[in-house]
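>>> quick check, what structure comes out for this input:
(2 chains, ligands or ions: 1)
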Amino acid sequence: MNELLHLLKTNARLTNMQLADMLGKTEQEIAEEIKKLENKGVIRGYTAIINEELAKSTEVEALIELRVTPKRDCGFDEIAKTIMMYDEVESVSLMSGMYDLALTVKGESLKEVAMFVSQRLSAMDGVLATATHFVLKRYKEKGIRIEDEEYDERSMVCP
Amino acid sequence: MNYESVLSSCVQQMKPSGIRRFFDLAATMENVISLGVGEPDFSTPWSIRKEAIDVLERKKIVYTANAGMAQLRQEVANYLEKKIHVKYDSEHEIVITVGGSEAIDIAIRGVLNPGDEVLIVEPSFVCYAPIVQMAGGIPVPIPTKGENKFKLTAQELKEKITAKTKLLVLPFPNNPTGAIMTREDLEPIAEILRDTEIMILSDEIYSEMTYGKKHCSIAELPGMQERTILVNGFSKAFAMTGWRLGYLCAPAPVAKQLVKIHQYIIMSSPTISQYAAIVALKECEKEVEHMIKEYNLRRRYLVEAFNRIGMTCFSPEGAFYVFPSIQCTGMTSEDFCEKLLEEEHVAVVPGNAFGESGEGFVRVSYAYSLRHLMEAVSRITKFLEKYRK
Ligand SMILES: Cc1ncc(COP(=O)(O)O)c(C=O)c1O
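Coordinates of the predicted model:
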């Protein structure tokens, strides 16, 4: 992957100046490169990684496995795109292995998520089976530790 | 007991490392953000750790051959041939040591007679002169200069050579300056040494950490391998400082003598670490590459950041240090570091801890995460706004 993308993936809030320093380019070159990546749709957005517990969020999140019947001409795309339309659905991925689609779904309560699965997803044409797993605790997300910082065991100064 | 009369006067006269005092000071403070260490922030690659765990489960941990496990020596030979294109006979020319540190110690002790002079390129790692003194030798510093990017020049070398010169300590890529010596830089040095009886101790512990240019060992140059004791190790390249493993390579007649010292003082280097090191050499090229890439981003970031705030800094091409000048503050290195620690709680190491020629500079390590570096830079920027003249 392009080094700029790699850096933005680790921290999207790096300033253009910081990025320029690290990559041996000018700020302007960085600004242009990012604009280009955004325009081409390579960069789709920027988000924050949040410790939901500290943020006092009451949201619940579930991982949902779906088995579906693919359509003759468009395979899994059509059903995936339909599922994507729901605001509750945070992510949709096509998977290899025991099931076909993996979703993450967010809701205000366990009940709300369970209802969404049973009433919306299970009822969809082509959905053969669902399995819902609630997320109890997140330790790491996108390479970043959610709870504690890693403790630096090294001494403060050494030769 | 009158300990002063009991203890060796040579040891009592040994100066405690300037770094130590600084460490004690930093340890008394809270919320210190340090850029002071000389060891990687990365964890040892998992495959290396896993091998150590497996070895603990499966094997008896007994002494190995004095010079180190045959397979490890063979891997070291393969590695060096691949990296610097120099052939070493794994049976007679390689000794596995307790870190590069032990390798430096036995190399110096192995060649010195009382009164011999040892040329030590400075600024440099702190251990060479005390070891020379304990071996009855005389350390002769060769100061290098900022305007030469802290490279050793032929002229500087020539001026210090006397009839008593026995050994040249050549520490590149350099701690603390980050300087490297390219083949072009080494050639005139080799030219001077070629017709002498002077040996070289080439401390190449940072050989994997070069940016843009590949590391060149002086042993690669014609006529040099026969006079070079090459020191390297696992601490820096593979993030294995606590494993205490390194090695030296030297012509067979030299290695044969050095291994005797090793045999009497150490027996054999840590067995678990030796097994793990085989995996490091054989399987961890990718992990090393990843670390170097990461260091490089940090290096470029710091060089630009320091130059921007007036702490001028040449672009170092090796190790994981930048060595900015603090001239713009008019302070001495020690004053600067003490004030910076007291007022902004940032720890960097005074350049003169690595030799007088480091005065006017500070060593900044980038063996830290970018986030950590950025916080440190913002504190140093604040400090500079107050003290820049
Ligand atoms: C230039 C240099 N040589 C040798 C060493 C010794 O390293 P080790 O004994 O861990 O191999 C160090 C450690 O900081 C160093 O900076």
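
>>> distance from the chain centre to stretch B:252-260, please.
23 Å (CA atoms, centre = their mean, to the nearest Å).

>>> how about it: buried residues?
Within stretch B:252-260, the residues that count as buried by 16 or more other CB atoms under 10 Å in any protein chain shown are B:254-255, B:258-259. Just so you know, the C-beta spots here come from the backbone N, C-alpha and C atoms, and that holds for glycine as well.

>>> now, which of the residues you listed sits nearest chain A?
Nearest to chain A among the buried residues of stretch B:252-260 is B:Leu258, at 23.2 Å by CB to the nearest CB.

>>> might one say that the closest one is in contact with B:Ala250?
Yes - when contacts are counted by CB atoms under 8 Å, B:Leu258 is listed as touching B:Ala250 (6.4 Å).

>>> joint contacts of those two?
Here B:Leu258 and B:Ala250 have B:95, B:107, B:229 as joint contacts, going by CB atoms under 8 Å, 6 or more residues apart in numbering or on different chains.

>>> how about the strands in the stretch 51-200 of chain B?
B:94-97, B:117-122, B:138-143, B:165-170, B:199-203 (DSSP state E, counting those that start in this stretch).

>>> tell me which of those strands is the most buried.
Greatest average neighbour count among the strands of the stretch 51-200 of chain B goes to strand B:94-97 (a mean of 29), per mean count of other CB atoms under 10 Å in any protein chain shown.

>>> hmm, who's touching it?
Residues from elsewhere that reach strand B:94-97 (CB under 8 Å, 6+ apart): B:64, B:67-69, B:72-73, B:76-77, B:88, B:103, B:106, B:233, B:245-250, B:255, B:258-259, B:262, B:266, B:268-269, B:274, B:277.

>>> what sits against A:Asn16?
For A:Asn16, the contact set (CB under 8 Å, 6+ apart) comprises A:27, A:30-31, A:34.

>>> how does it look with 6 Å?
Contacts for A:Asn16 were tallied using CB atoms under 6 Å, 6 or more residues apart in numbering or on different chains; they are A:27, A:30-31.

>>> what does the pLDDT read for the residue of the stretch 51-200 of chain B found nearest chain A?
As assessed by CB to the nearest CB, chain A sits closest to B:Val126 within the stretch 51-200 of chain B, at 4.9 Å. Turning to B:Val126, the model gives it a pLDDT of 94.

>>> got it, and B:Asp24?
pLDDT, B:Asp24: 83.

>>> where does chain A get nearest to the ligand, residue-wise?
Per CB to the nearest ligand atom, A:Pro159 is where chain A lies closest to the ligand, at 5.3 Å.

>>> how close does that residue sit to A:Ala20?
Noted for A:Pro159: a distance of 33 Å to A:Ala20, by CB to CB, to the nearest Å.

>>> rewinding a little: tell me which two in the buried residues of stretch B:252-260 are the farthest apart.
Farthest apart among these by CB to CB are B:Val254 and B:Val259. That separation is 9.6 Å.

>>> what's the closest of the strands of the stretch 51-200 of chain B to A:Thr132?
Of these, the one closest to A:Thr132 (CB to CB) turns out to be strand B:94-97, at 55.4 Å.

>>> could you give me the average pLDDT of that closest one?
What strand B:94-97 shows for mean pLDDT is 98.

>>> filter the contacts of A:Asn16 to the buried ones?
Among the contacts of A:Asn16, those classed as buried by 16+ other CB under 10 Å are A:Ile30.

>>> give me the subset of the contacts of A:Asn16 that also touch chain B.
Checked against chain B using CB under 6 Å from any CB of the partner chain, the contacts of A:Asn16 give no members in range.

>>> ok, how many other residues are close to residue 156?
In the absence of a named chain, this looks at chain A. Other residues lying near A:Met156 total 20 when counted by other CB atoms under 10 Å in any protein chain shown.

>>> sorry, I should have been clearer: chain B.
Look at B:Glu156: counted by other CB under 10 Å, it has 17 neighbours.

>>> which residues does the closest residue in space to it that isn't next to it in sequence bridge with?
Leaving aside its chain neighbours, B:Glu156 sits nearest to B:Ile142 (5.4 Å; criterion: CB to CB, 6 or more residues apart in numbering or on different chains). On the basis of DSSP bridges, B:Ile142 takes part in beta bridges with B:Val121.

>>> B:Ile142: what's it in contact with?
B:119, B:121, B:156, B:160.

>>> could you single out the nearest of these to B:Ala239?
Nearest to B:Ala239 among the contacts of B:Ile142 is B:Val121, at 25.8 Å by CB to CB.

>>> pLDDT score for B:Ile104?
At B:Ile104, pLDDT is 98.

>>> and it, how far is that from A:Asn16?
Separation of B:Ile104 from A:Asn16 (CB to CB) stands at 44 Å.

>>> and the gap between the nearest residue to B:Asn352 once chain neighbours are set aside and B:Pro139?
In space, and not counting its chain neighbours, B:Asn352 is closest to B:Glu359: 4.3 Å by CB to CB, 6+ apart. B:Glu359 sits 18 Å away from B:Pro139, going by CB to CB.
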